[in-house]
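# okay, here's the prediction I keep looking at, along with the sequence it came from:
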Number of protein chains: 2
Amino acid sequence: MTKELQLDHLRGVLVRLEETIIFGLIERAQFLRNPPVYELGGMGGALAAETLLEFMLHETERSHAKVRRYTSPDEHSFFDDLPDPILPALTYAENPLHTNRVNVNAQIMEMYVNELVPFICAGGDDANYGSCAVIDVNLLQALSKRIHYGMFIAESKYREESSVFDPLIRANDAAAIEAAITAAHVEVQLYERVSRKASAYGSELLTAGDGGIAPDKVRTIYERWIIPPCKQVEVAYLLQRLDD
Amino acid sequence: MTKELQLDHLRGVLVRLEETIIFGLIERAQFLRNPPVYELGGMGGALAAETLLEFMLHETERSHAKVRRYTSPDEHSFFDDLPDPILPALTYAENPLHTNRVNVNAQIMEMYVNELVPFICAGGDDANYGSCAVIDVNLLQALSKRIHYGMFIAESKYREESSVFDPLIRANDAAAIEAAITAAHVEVQLYERVSRKASAYGSELLTAGDGGIAPDKVRTIYERWIIPPCKQVEVAYLLQRLDD
């Protein structure tokens, strides 16, 4: 099994992404909801075709595409009209994933703007639009990476038990595949770990007396908006696993 | 005194930036030094005129300039050939700073590349150039903001005791100004706080078993590469405080 699929390596990546995500949530929560960041026309006449968040994310993805971010098998862009890399192609160690068309970024964006931001930020407008959009871009990129890592997790599980998965895939049985990939005790451990981390970070941050995010909220974010779409990615990937 | 200069507000901003900086250091330290990121020609024939870090920072500053980041009195760009904002100008509450020409970003970049990266990262090349450059950009922006906040600190101190500072400024006595702005016990508190924070974050992160950064190193970074240039900014600003 390639290094990218070894469970120790996968776990390391996912745990590391937890820090990035929790820290991003804490940073975003220090500002108010700031609806104009997410509304077409929120910036007055400028940016007519995109919200401020979309504009900043688009600009960031253009830059990152130039330095070949999206040639990496664990990166997925939100936009598909990006420039070609200006750096020479990297030779990646064998891409361990089966060819697939999985990309749930549109859903992640929708969930982020309409559910997650209202969940973590107090209502209102403090005019820190640029700061919020920059944090939003970092968070969306981390969430996308975390959620799409489901494909690596799924591939790893598939290789361990392909004889279990093959008939379910052939039967196109999404519910049975989801049951087969679910390990409830691992999820419970994860929820407890992120809650503990958020508590550790939050307590230090709260000594500053401004903002912060309750550990329970971080747990809820994982329960509602990270693990379910990650499992959805795992299932979608496995359903394509036997395609030519 | 305007809100921007009230010590409580300043302290809140600086403490918040500590989280961003410490977390950025932890993120960068997970990768090796990766010299090609910082070398002209490090990316082969591409990017002939800039290093990868300079290219990514330049791209980021172009995007952020478009959404008027650098019209804010607490933001300073590394590059000066940036596009005009495409958003309508914000009306900032009165800029509390005196007109000045202080910008130490060239020095921050030099210090970052030649001293800080080698200090926090193990030597070697793991090919994660893009990830490192993205983290570097975030860290440089946070360091620049933190260090240039010295101007707000200096203005606040000046307004409290202008009769002390005026003769020193007229005598162009940088050493005496530095002595007048220095509160050793406050610095000691700061060093202890960042060390404590790094310890809290580091301990949780280290449960992942990969990378991390020793709390002593974070303290040293503040002692060597953040507080001295911040005080230098305070002094440079005050020396221009009585100019027309």
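Nice, I can see it.

# return the helix or strand in chain A with minimum mean pLDDT.
helix A:184-206 (a mean of 83; mean pLDDT, DSSP states H and E).

# same question for it: list its buried residues.
A:Leu190, A:Tyr191, A:Arg193, A:Val194, A:Ser195, A:Lys197, A:Ala198, A:Ala200, A:Tyr201, A:Gly202, A:Glu204, A:Leu205 (16 or more other C-beta atoms under 10 Å in any protein chain shown). The C-beta positions use only the backbone N, C-alpha and C, and glycine is treated the same way.

# which residues touch it?
Outside of helix A:184-206, the residues within contact range by C-beta atoms under 8 Å, 6 or more residues apart in numbering or on different chains are A:15, A:18-19, A:22-23, A:25-26, A:211-219, A:222-223, A:227, B:19, B:196-197, B:200-201, B:203-204.

# not counting sequence-adjacent ones, nearest residue to the residue most central in space within chain A?
Taking C-alpha atoms, centre = their mean, the centroid of chain A lies closest to A:Leu143, which sits 1.9 Å from it. Nearest non-adjacent residue to A:Leu143, counting by C-beta to C-beta, 6 or more residues apart in numbering or on different chains: A:Ile108, 5.7 Å away.

# just to confirm, which helix or strand has the residue lying farthest from the centre of chain A in it?
Using C-alpha atoms, centre = their mean, the residue of chain A lying farthest from its centre is A:Gly45. It sits 31.2 Å away. Here A:Gly45 sits in a region with no helix or strand, counting by DSSP states H and E.

# repeat for the one 5 residues further on
Secondary-structure assignment from DSSP H and E places A:Glu50 in no helical or strand segment.

# torsion angles phi and psi at it?
Per-residue torsions, A:Glu50: phi -140, psi 150 (degrees, to the nearest 10).

# hmm, the strand or helix carrying A:Gly12 touching chain B?
Secondary structure assigned from DSSP H and E places A:Gly12 in helix A:7-29. Yes. Using C-beta under 8 Å from any C-beta of the partner chain, we find that helix A:7-29 touches chain B at A:Arg11, A:Gly12, A:Val15, A:Arg16, A:Glu19, A:Thr20, A:Phe23, A:Ile26, A:Glu27.

# chain A: helices as residue ranges?
A:7-29, A:52-66, A:105-111, A:117-120, A:129-148, A:150-160, A:162-170, A:174-181, A:184-206, A:215-221, A:227-239 (DSSP state H).

# hey, least reliable of the ones you listed by pLDDT?
The weakest mean pLDDT among the helices of chain A belongs to helix A:184-206, with a mean of 83.

# what's the angle between that one and helix B:7-29?
In terms of direction (axes from the mean of the first three to the mean of the last three C-alpha atoms, to 10 degrees), helix A:184-206 departs from helix B:7-29 by 140 degrees.

# export helix A:184-206 as CSV, just CAs?
Extracted in CSV, the C-alpha atoms of helix A:184-206 (Å, rounded to 0.1, in the frame of the first residue of the first chain):
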residue,chain,number,x,y,z
ALA,A,184,-19.2,4.6,15.2
HIS,A,185,-16.6,4.3,17.9
VAL,A,186,-14.0,6.1,15.7
GLU,A,187,-16.4,8.9,15.1
VAL,A,188,-17.1,9.2,18.8
GLN,A,189,-13.3,9.5,19.4
LEU,A,190,-13.0,12.1,16.7
TYR,A,191,-15.8,14.2,18.2
GLU,A,192,-14.3,14.0,21.6
ARG,A,193,-10.8,14.9,20.3
VAL,A,194,-12.0,18.0,18.4
SER,A,195,-14.1,19.1,21.4
ARG,A,196,-11.0,18.7,23.7
LYS,A,197,-8.8,20.7,21.2
ALA,A,198,-11.3,23.5,20.9
SER,A,199,-11.5,23.7,24.6
ALA,A,200,-7.7,23.9,24.9
TYR,A,201,-7.4,26.6,22.2
GLY,A,202,-10.5,28.4,23.3
SER,A,203,-9.5,28.7,27.0
GLU,A,204,-6.2,30.4,26.0
LEU,A,205,-7.9,32.6,23.5
LEU,A,206,-10.6,33.6,25.9
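
# A:Leu32 against A:Tyr129, yeah?
No. Assessed by C-beta atoms under 8 Å, A:Leu32 is found out of contact with A:Tyr129, at 10.6 Å.

# more neighbours: which of these two?
Taking neighbours as other C-beta atoms under 10 Å in any protein chain shown, A:Leu32 and A:Tyr129 compare with A:Tyr129 leading, 24 against 15.

# ok, now which ones touch that one?
Taking C-beta under 8 Å, 6+ apart, we find A:Tyr129 in contact with A:Asn34, A:Pro36, A:Val37, A:Gly42, A:Met43, A:Leu52, B:Val67.

# of these, the lowest pLDDT goes to which?
For those, the model is least confident at A:Met43; its pLDDT is 86.

# that residue and A:Asn34 touch, don't they?
No. Using C-beta under 8 Å, A:Met43 is not in contact with A:Asn34; the gap is 11.5 Å.

# more neighbours: the two, which one.
Using other C-beta under 10 Å, the more surrounded residue of A:Met43 and A:Asn34 is A:Asn34, with 25 against 21.

# any idea how far chain B is from that one?
For A:Asn34, the distance to chain B equals 13 Å [C-beta to the nearest C-beta, to the nearest Å].

# which one is A:Asn138 nearest to, not counting chain neighbours?
A:Gly24 (5.5 Å).

# what is the burial count for that neighbour?
Around A:Gly24 there are 21 residues (other C-beta under 10 Å).

# let me see the contact set for it.
By C-beta under 8 Å, 6+ apart, the neighbours of A:Gly24 are A:Ile135, A:Asn138, A:Leu139, A:Ala142.

# just curious, which of these is nearest to A:His76?
A:Ala142 (12.2 Å; C-beta to C-beta).

# so what's that closest one closest to, chain neighbours aside?
Closest to A:Ala142 by C-beta to C-beta, 6+ apart is A:Thr20, at 4.5 Å.

# give me the contacts around stretch A:131-144.
A:17, A:20-21, A:24-25, A:27-28, A:31, A:34, A:37, A:52-53, A:55-57, A:60, A:76, A:78, A:105, A:108-109, A:112, A:117, A:225-226, B:64, B:67, B:138.

# go through stretch A:48-60 and flag the buried ones.
Going by neighbour count (16+ other C-beta under 10 Å), the buried part of stretch A:48-60 is A:Glu50, A:Thr51, A:Leu52, A:Leu53, A:Glu54, A:Phe55, A:Met56, A:Leu57, A:His58, A:Glu59, A:Thr60.
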